[in-house]
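Asker: 3D, please:
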Amino acid sequence: MRDSSAANLLFLHALTGLHPGGGTALGVVDLPVQRERHTQWPMIPGSGLKGVLRDACRRRLGGEDEELFAAFGPPPPSEAGASQTAKASDYAGALAFTDARLVAFPVRSLRGVFAWVTCPAVLDRLGRDARLLARGGTAPPAPPPVEQGGAACPQRSDNLIEGNQLLLEEFEFHRTGDDGGVAEWLAKTAVTDKATAERLTRNLVVLQDDDFTHFARHATEVVARIGLDYETKTARGQALFYEEFLPPETLFYAVALATGSRNEKVERDAAGMLDLLRNHTPLILQIGADQTIGKGLCAIRVMKPEDGDA
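Answerer: Next up is the predicted model:
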């Protein structure tokens, strides 16, 4: 049982602004979001994602117990409330998580309010990662080739102007063809909300890689934050700072990897561990900073084995 392995895709849909912090402040933004070094696309570190999921499952399971330890590993001895019967050095957890990677980024559109933009490089990587699941039907369709300044989207897209033009932020794009079924696949696989799924089928746009990267780097929200002196209601010292947020509707995915339980008190194979994750993960999670001002609320979907099959 310990040698078995399984994997599922896990999708994150930002419902409010999201700040997965940890980036290095290089300009006027004091608190940038975390980004991949080589692409500069936003990401959520796997360590942070695992911690959020562990805490959510702990609450759903009613506290620290052997199933939680089997899935995520025992807590370190220094952690408050750590079990006296299990130590982090005893065995590793059965679940592992990759970094959450960008799937689609929302961009302001002259028509249709906004578009989710993605690109062949993102979709190629998603397809490669999906093949870790060992079920060929779970991979998204191959993305269509797109030239710079071009856009692939459904003919019925809400974002089209005069039949074949799009205006995203201040940039004009021309429709070069259909998206190859990518929008339908994401609507079926990545979200659970019916209204969001329907909008995805009409408002997903596949751009050329460099065009997509420009939006992922420069179309985020930068908000001025300030602390007030309680008595005078004026700015407190040097409290003014600028924080970067990913906009609501941003879509991410991660891969959840599982082995059989290494905890001798819990008999679960790899598929059983993924079932535990799926059954005890709430529909909404808070990820990243600024929980008390409503940031970081994300809808979560852990794929079932049959999801995405043709």
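Asker: can you map out the helices along the stretch 1-150 of the chain?
Answerer: 46-61, 66-72, 120-130 (DSSP state H, counting those that start in this stretch).
Asker: of the ones you listed, which is nearest residue 224?
Answerer: Nearest to residue 224, of all the helices of the stretch 1-150 of the chain, is helix 46-61, at 25.0 Å by Cβ to Cβ. Backbone N, C-alpha and C define where each C-beta goes, glycine included.
Asker: spatially central residue for the chain, please.
Answerer: residue 252 (2.5 Å; Cα atoms, centre = their mean).
Asker: ok, that one to residue 12 distance?
Answerer: 4 Å (Cβ to Cβ, to the nearest Å).
Asker: likewise residue 203?
Answerer: In this view, residue 203 and residue 12 are 18 Å apart by Cβ to Cβ.
Asker: make sure residue 252 is indeed in a helix.
Answerer: No: Residue 252 is assigned strand when assessed by DSSP: H, G, I helix; E, B strand; the rest coil, not a helix.
Asker: how about the contacts made by it?
Answerer: Neighbour list for residue 252: 11, 12, 14, 43, 44, 100, 101, 102, 103 [criterion: Cβ atoms under 8 Å, 6 or more residues apart in numbering].
Asker: and the nearest residue to the fifth one once chain neighbours are set aside, what is it in contact with?
Answerer: Okay, so that is residue 44. Distances taken as Cβ to Cβ, 6 or more residues apart in numbering put residue 100 closest to residue 44, at 3.7 Å, once the chain neighbours are dropped. Residue 100 is in contact with 10, 12, 43, 44, 46, 49, 252, 253, 254, counting by Cβ under 8 Å, 6+ apart.
Asker: quick one: terminal-to-terminal distance for stretch 180-196?
Answerer: With Cα to Cα, to the nearest Å applied, stretch 180-196 spans 19 Å between its terminal residues.
Asker: got the buried residues for it?
Answerer: For stretch 180-196, a neighbour-count test (16 or more other Cβ atoms under 10 Å) marks 180, 182, 183, 184, 185, 186, 187, 189, 190, 191, 196 as buried.
Asker: and the fifth one, how close does it get to residue 130?
Answerer: Per Cβ to Cβ, residue 185 is found 10 Å from residue 130.
Asker: rewinding a little: of the helices of the stretch 1-150 of the chain, which is nearest residue 38?
Answerer: That would be helix 120-130 among these, by Cβ to Cβ, at 11.1 Å.
Asker: quick one: residues contacting residue 234.
Answerer: By Cβ under 8 Å, 6+ apart, the contact set of residue 234 is residue 228.
Asker: distance of it from residue 293?
Answerer: From residue 234 to residue 293 the distance is 20 Å (Cβ to Cβ).
Asker: with residue 275 instead?
Answerer: 35 Å.
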